[in-house]
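Novice: predicted structure and sequence below. I'll ask about it afterward.
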Amino acid sequence: MLDTTEYDEDLIMFRDTIRRMVEKDVAPIAAKIDQEDDMPHSLVPIFGDLGLIQIMVPEEYGGPGGTLTMACIAKEEVSRASFAVSHLVGATSIAMALPLTHYGTDAQRQKYLPEIAEGRTLTCIGLTEPQTGSDVSGIKTTAKRDGDDYVINGQKVFITKADQAKYILLFARTSEGKGHDGISSFIVPMDSPGVKIGGSPKKMGLRGIKNCDLFFENVRVPAENLVGEEGQGFKNAMGVLNLNRPTVGAASVGIAQGALDAAMAYAKEREQFGQPIGNFQLVQAMLADMAIQIEAARALLYKVAAFIDRDPTHPQVPMYSSMIKTFASDMAMKVTTDAVQVFGGAGYLQDHPVERYMRDAKVCQIYEGTNQIQRLIIARAMLKG
Ligand SMILES: CC(C)(COP(=O)(O)OP(=O)(O)OC[C@H]1O[C@@H](n2cnc3c(N)ncnc32)[C@H](O)[C@@H]1OP(=O)(O)O)[C@@H](O)C(=O)NCCC(=O)NCCSC(=O)CCS(=O)O
């Protein structure tokens, strides 16, 4: 594969360190995690010690001060073996490091980031509700001011890692009838009285990670837990998603590469008509197309990540972020489907990893905003000029 980090020795070392850890600690248990829908907690200190969970926490708060490029490299490497485990990379970015860095107060950064920097604490983000998926402006969970506190009531669904998180960045309506402008975000400790963690539905893929229902009943948080200004929650959510969506692209590239690796090995080993199936031109064409698509997505991924690292506030960040999330996840769906095809009937069995890659690729087209919503963001930005 083309080496997208070819000019930077530090990035090559970073990638190789992760690659070695994945070979040792992740790849051997990837299938088991999927089959048992359970990820061992022992991976948390391994990822924390490498600075991966807390990768986006700035150095001044004790974090590694990693870039989006580094987060994408790590996400790609881990997803190549296990998409579920890749959720430990930047596991505190979207709900803590990014929002506090960009919208939080000094006091909030001082209070939470040093703890997050230790790499043992997980966090989650609470946007989605039973009736609120793509249309974030429809959030119904309320946060009502009461003296020095806010009192939160409502329900969230599909909350990734809620079962393991110590804090949630929760989005709630602070004023009625104001649409986008009536939403605010809060840090809520998950052990607050009134927070109830419900079940996690059985999923097609992303098995090993829980996506829980959450219930909030008269949950009281101090007003100092408001992140950003009251009423700015919608725009802050969009801002954080813009900075994180390329990591979904990175996971997609990793999933696709893992599927291609498996398909290549199988094409060399599996014999039909007295020779390896890799000798047949129709199989060769599939393998070649898979490689072309992965390289194209990888090139766009690291171009976008470098662009965002240079200027995270550039007005074109939302458009390019949505482009790579969409392009790479659509690519991963196609490549993993073709990998199953290379395996033929065997690809349909759980004996081989390609059906897992295919199931995992699907959610990359859906979560952190469906690819239909991404296309809307891209087209709106293009037409706005
Ligand atoms: C569908 C949406 C893109 C928004 O659409 P709307 O039609 O409701 O809003 P707009 O009128 O377009 O925008 C209002 C306002 O916000 C600004 N805006 C909108 N999008 C962005 C953006 N990406 N970046 C920056 N600013 C943005 C827009 O310019 C307007 O500003 P002005 O009023 O003009 O000043 C949106 O609702 C959306 O993205 N929906 C997808 C929701 C989503 O991604 N959900 C994922 C949840 S989290 C998850 O999946 C799990 C993560 S995990 O735990 O790993």
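Specialist: Alright, I've got the coordinates.
Novice: when you work out contacts or count neighbours from here on, use the C-alpha atoms and nothing else.
Specialist: Fine.
Novice: mind listing the helices for the stretch 251-385 of the chain?
Specialist: In the stretch 251-385 of the chain, the helices defined using DSSP state H, counting those that start in this stretch lie at 281-310, 317-343, 354-364, 371-384.
Novice: nearest residue to Ser185 other than its sequence neighbours?
Specialist: Nearest residue to Ser185, sequence neighbours excluded (Cα to Cα, 6 or more residues apart in numbering): Phe171, at 4.4 Å.
Novice: and if you look at Ala332?
Specialist: In space, and not counting its chain neighbours, Ala332 is closest to Ala256: 4.9 Å by Cα to Cα, 6+ apart.
Novice: wait, that neighbour touches Asp330, no?
Specialist: No. Judged on Cα atoms under 8 Å, Ala256 makes no contact with Asp330 at a distance of 10.3 Å.
Novice: so between these two, which is more surrounded?
Specialist: Remark: of Ala256 and Asp330, Ala256 carries more neighbours, 34 against 19, as counted by other Cα atoms under 10 Å.
Novice: could you check how far that one is from Ile292?
Specialist: Note on Ala256: its distance to Ile292, by Cα to Cα, to the nearest Å, is 11 Å.
Novice: swap in Ala223?
Specialist: Distance from Ala223 to Ile292, by Cα to Cα: 51 Å.
Novice: those two: which is more packed in?
Specialist: Ala223 (16 against 13).
Novice: so the more buried one touches Ile152, yeah?
Specialist: No. Counting by Cα under 8 Å, Ala223 does not reach Ile152; the two are 11.6 Å apart.
Novice: from Tyr112, how far out is Ile366?
Specialist: For Ile366 relative to Tyr112 (Cα to Cα), the value is 30 Å.
Novice: again with Glu271
Specialist: Glu271 sits at a distance of 57 Å from Tyr112 (criterion: Cα to Cα).
Novice: these two: which has the busier surroundings?
Specialist: Tyr112 (16 against 13).
Novice: sorry, back to before: ok, the residue nearest to Ala332 - contacts?
Specialist: Each residue near Ala256 by Cα atoms under 8 Å, 6 or more residues apart in numbering is listed here: Arg80, Ile294, Met331, Ala332, Met333, Val335, Thr336, Tyr357, Ala361.
Novice: at 7 Å instead, please
Specialist: Ala256 makes contacts with Ile294, Ala332, Val335, Thr336, as judged by Cα atoms under 7 Å, 6 or more residues apart in numbering.
Novice: so the last one makes contact with Asp261?
Specialist: If I follow you right, that is Thr336. No. The criterion here is Cα atoms under 7 Å, and Thr336 misses it with Asp261 at 10.7 Å.
Novice: more neighbours: which of those two?
Specialist: Neighbours were counted for Thr336 and for Asp261 using other Cα under 10 Å; Thr336 has more, 29 against 16.
Novice: what sits closest to Ala306 if chain neighbours are left out?
Specialist: In space, Ala306 is closest to Thr69, 6.2 Å off (Cα to Cα, 6+ apart).
Novice: residues touching the helix or strand containing the one you found, excluding its own?
Specialist: When elements are assigned from DSSP states H and E, Thr69 belongs to helix 68-79. Contacts of helix 68-79 with the rest of the structure, by Cα under 7 Å, 6+ apart, involve 15, 18-19, 22, 55, 85-86, 89-90, 247, 250-251, 253-255, 302, 305-306, 309.
Novice: tell me which residues touch the residue nearest the centre of the chain, please.
Specialist: What sits nearest the mean C-alpha location of the chain, by Cα atoms, centre = their mean, is Val248, with 5.0 Å. Contact partners of Val248, counting by Cα under 7 Å, 6+ apart, are Lys325, Cys364.
Novice: please apply the same query to Glu269.
Specialist: Contacts for Glu269 (Cα under 7 Å, 6+ apart) come out as Pro276.
Novice: quick one, phi/psi of Met190?
Specialist: Dihedral pair for Met190: phi -70, psi -10, per degrees, to the nearest 10.
Novice: for it, grab the count of nearby residues.
Specialist: 21.
Novice: isn't it up against Ile168?
Specialist: Yes. Using Cα under 7 Å, Met190 is in contact with Ile168, at 6.5 Å.
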